[in-house]
Structure formats: structure tokens, C-alpha cells
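S.K.: Provide a 3D model corresponding to the input given below.
(one chain, ligands or ions: 1)
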Amino acid sequence: MKKLLKEWRCRLFGHRMYEEVFAERRYSFVARSRMPLYRVVREHRCDRCDKCDRKILRSDIRRSQLLKEGWFIER
Ligand SMILES: [Zn+2]
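M.R.: The predicted structure is shown next:
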């Protein structure tokens with residue numbers, strides 16, 4: 001019931017979205033070196049109804065590439 005109300009508020013006033021960008025670590029078990037690979041994910045999430053748009057910005061890159069591309073720099 002409460003959730004329904006929240007969804008109605010989103011429908012009336014629009015979602016209250018916030019953006020989150022983070023790196024996810026994935027292990028590739030195929031690779032011999034077991035080098036962890038990362039992917040950069042951007043999520044637009046609504047804090048009222050938990051609607052979520054997820055977009056993968058970069059996938060399967062190494063840590064050094066992450067650093068080089070500046071993904072760890074805080075804003
Ligand atoms: Zn919403």
C-alpha cells in the first residue's frame with residue numbers, strides 16, 4: 001500500500017533520480033592470470049520507488065585502464 005502511494009507520487013511529480021557511478025569487479029576465470037577486470041556502471045535510481053536505469057559505460061577493463069581514464073577521481 002505504501003509502495004503504491006510512492007509510485008503515485010512519482011507519477012504525479014516525477015521521479016527523484018540520483019546518479020551513481022561505480023566500478024564493479026569481475027573475475028575472468030578463463031584468463032590464466034586471474035587478473036581482475038572491472039566494468040564501470042552508471043545507475044540512475046529513484047529514491048522513492050527504486051526505479052533504476054542501469055548503463056554500462058565501460059566493460060572488462062583493467063585497473064590501470066580505470067586509473068588512466070580517471071574513473072577513480074572523486075567529484
Ligand atoms: Zn520514482
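S.K.: And Leu37, what's its pLDDT?
M.R.: Leu37 carries a pLDDT value of 88.
S.K.: Now do it against Ala23, distance only.
M.R.: Leu37 sits 10 Å away from Ala23, going by C-beta to C-beta, to the nearest Å. Where C-beta positions appear, they are placed from N, C-alpha and C, glycine not excepted.
S.K.: how far does the helix or strand hosting Lys3 sit from the chain's center?
M.R.: Element membership of Lys3, judged by DSSP states H and E, is helix 2-13. Distance of helix 2-13 from its chain centroid, counting by C-alpha atoms, centre = their mean, to the nearest Å, is 24 Å.
S.K.: Can you give me the buried ones in that helix?
M.R.: 7, 10 (16 or more other C-beta atoms under 10 Å).
S.K.: following it, which helix or strand comes up?
M.R.: Taking DSSP H and E, what comes next after helix 2-13 is strand 17-27.
S.K.: neighbouring contacts of that following strand?
M.R.: 34, 36-47, 57, 60, 66, 71-72 (C-beta atoms under 8 Å, 6 or more residues apart in numbering).
S.K.: Narrow those residues to those in strands?
M.R.: The strands, defined by DSSP state E, take in 36-46, 57, 60 from these.
S.K.: Kindly reformat those residues as CSV containing distance to the ion.
M.R.: Formatted as CSV, the ones in strands among the contacts of strand 17-27 follow (distance: C-beta to the ion, whole Å):
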residue, distance to the ion
Pro36, 34
Leu37, 32
Tyr38, 29
Arg39, 25
Val40, 24
Val41, 19
Arg42, 17
Glu43, 13
His44, 10
Arg45, 9
Cys46, 3
Leu57, 23
Asp60, 31
